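# Below is the sequence, then the predicted model.
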Amino acid sequence: MKTLKIIKIGGNIIDNVSALQQFLKAFATIDSPKILVHGGGKLATKLAQQMQVEVNMVDGRRVTDQETLDIITMVYAGKINKNIVAQLQANRCNAIGFSGADGNTIVSNLRPSKPIDYGFAGDVKQVNTEVLEILLNNNVAPVFCAITHDEKGQLLNTNADTIASELAIGFASTYKTELYYCFEKNGVLENVDNDDSVIENINTESYKTLKEEKIIFEGMLPKLDNCFHAINHHVSRVCIGKSSMLFNTNSKHTTITK
């Protein structure tokens, strides 16, 4: 069974021109089939402020009204996505940009308005791999932004970590899928003020303890919930850390296991 690497990058790479260039140059060298998933970085917030559209966040998540949806679609599926694809082509890596609507690849449900109304936010319902498998078999790398659709003509803002996790699960029956979350830290940290305090392995039991002891909390919890969702649905490897973990086996990072 072939290995498929699904790699999610966040704002720390997207917002830094040289970091993005370096990452994409390295990503292009990965031999196995690969899918890249990217978030939105700070650009959507910056554009919203320029257009005098209020940015409303609840628990670190963006409330997506119609104006905000228009902006993030322009930024995520437009500027950021196409810039990444163009840079990959420059590095001789054939790539195609995707939202979940393209090829009907990711279908979502509108998130319920209770207890918090996040507006046009989507929760992934289904991943359709057929179109993507054709591309992967022809050495083309799909590049996903954080936009999906509901099959009724409505685009939905969808968490990029969740998209990466659901894609990995969707391919787990046909590939040995590996899921990598790349962000600005070396991994999940025991002490947030010490970059070297990486917890190298987290399993279901230790995760429960780390939560109870408030060592892991707030923003890291949704990311880790996505990790465990993947590892419990036949994804063979799930890791969190800096992008260097993809290319240097000695690079410290966190591995999630059952």
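On my side now, so go ahead. Numbers count the residues shown, from 1 in each chain.

# so the residue at the greatest distance from the centre of the chain, which of the three states?
Among the C-alpha atoms of the chain, the one most distant from their mean position (C-alpha atoms, centre = their mean) is that of Gln52, at 27.8 Å. Per DSSP: H, G, I helix; E, B strand; the rest coil, the secondary structure class of Gln52 is coil.

# Next: the one 3 residues further on.
Reduced to three states with three-state DSSP, the structure at Val55 is coil.

# Could you pull up the contacting residues of it?
Under the criterion of C-beta atoms under 8 Å, 6 or more residues apart in numbering, the contact list for Val55 reads 45, 48-49, 62, 68. The way it works is simple: take the backbone N, C-alpha and C, and place the C-beta from them, glycine included.

# Kindly recompute the last result at 6 Å.
For Val55, the contacting residues are 45, 48, by C-beta atoms under 6 Å, 6 or more residues apart in numbering.

# per-residue confidence at the residue nearest to Asn232 when sequence neighbours are not counted?
Here the nearest residue to Asn232 in space, its sequence neighbours aside, is Lys258; by C-beta to C-beta, 6 or more residues apart in numbering that works out to 6.8 Å. You'll see Lys258 listed with a pLDDT of 92.

# okay, now Lys258: neighbour count?
When neighbours are defined as other C-beta atoms under 10 Å, Lys258 has 8 of them.

# Run a quick neighbour tally on the nearest residue to Thr177 once chain neighbours are set aside.
Excluding its sequence neighbours, the residue lying closest to Thr177 (C-beta to C-beta, 6+ apart) is Ala168, at 4.5 Å. Residues near Ala168, counting by other C-beta under 10 Å, number 32.

# cool, and Glu212?
Around Glu212 sit 9 other residues, with neighbours defined as other C-beta under 10 Å.

# pLDDT at the residue farthest from the centre of the chain, what is it?
The predicted local confidence for Gln52 is 93.

# quick one: it from Leu135, how far?
As judged by C-beta to C-beta, to the nearest Å, Gln52 and Leu135 stand 39 Å apart.

# Next: Leu43.
Distance, Leu43 to Leu135, using C-beta to C-beta: 26 Å.

# Endpoints of stretch 239-249, how far apart?
With C-alpha to C-alpha, to the nearest Å applied, stretch 239-249 spans 12 Å between its terminal residues.

# Name the residues that touch it?
The contact list for stretch 239-249, computed with C-beta under 6 Å, 6+ apart, reads 23, 26, 180-182, 186-188, 251, 253-255.

# Out of those residues, which one has the weakest pLDDT?
Scanning those for pLDDT, the smallest score is found at Ser251, 90.

# In contact with it: list those residues for me.
Taking C-beta under 6 Å, 6+ apart, we find Ser251 in contact with 244-245.

# before we move on, which element is it in?
Mapping Ser251 onto the secondary structure by DSSP states H and E places it in no helix or strand at all.

# if we can go back for a sec, phi, psi of the residue farthest from the centre of the chain?
Here the main-chain torsion angles of Gln52 (degrees, to the nearest 10) amount to phi 60, psi 40.

# Also the one 3 residues further on?
Dihedral pair for Val55: phi -100, psi 120, per degrees, to the nearest 10.

# Helices of the stretch 101-250 of the chain, residue ranges please.
In order along the chain, the stretch 101-250 of the chain carries the following helices (DSSP state H, counting those that start in this stretch): 130-137, 160-170, 204-212, 220-231.

# closest one to Thr105 among those helices?
Taking C-beta to C-beta as the criterion, Thr105 comes closest to helix 130-137 out of the helices of the stretch 101-250 of the chain, the separation being 6.2 Å.

# Straight-line length of stretch 83-97, end to end?
The separation between the terminal residues of stretch 83-97, taken as C-alpha to C-alpha, is 10 Å.

# quick one: contacts of it?
Outside stretch 83-97, the residues within contact range by C-beta under 6 Å, 6+ apart are 24-25, 28, 81-82, 140-143.

# just stretch 66-74 next, same as before
So stretch 66-74 is contacted by 44, 47-48, 53, 120, 147, 155, 157 (C-beta under 6 Å, 6+ apart).
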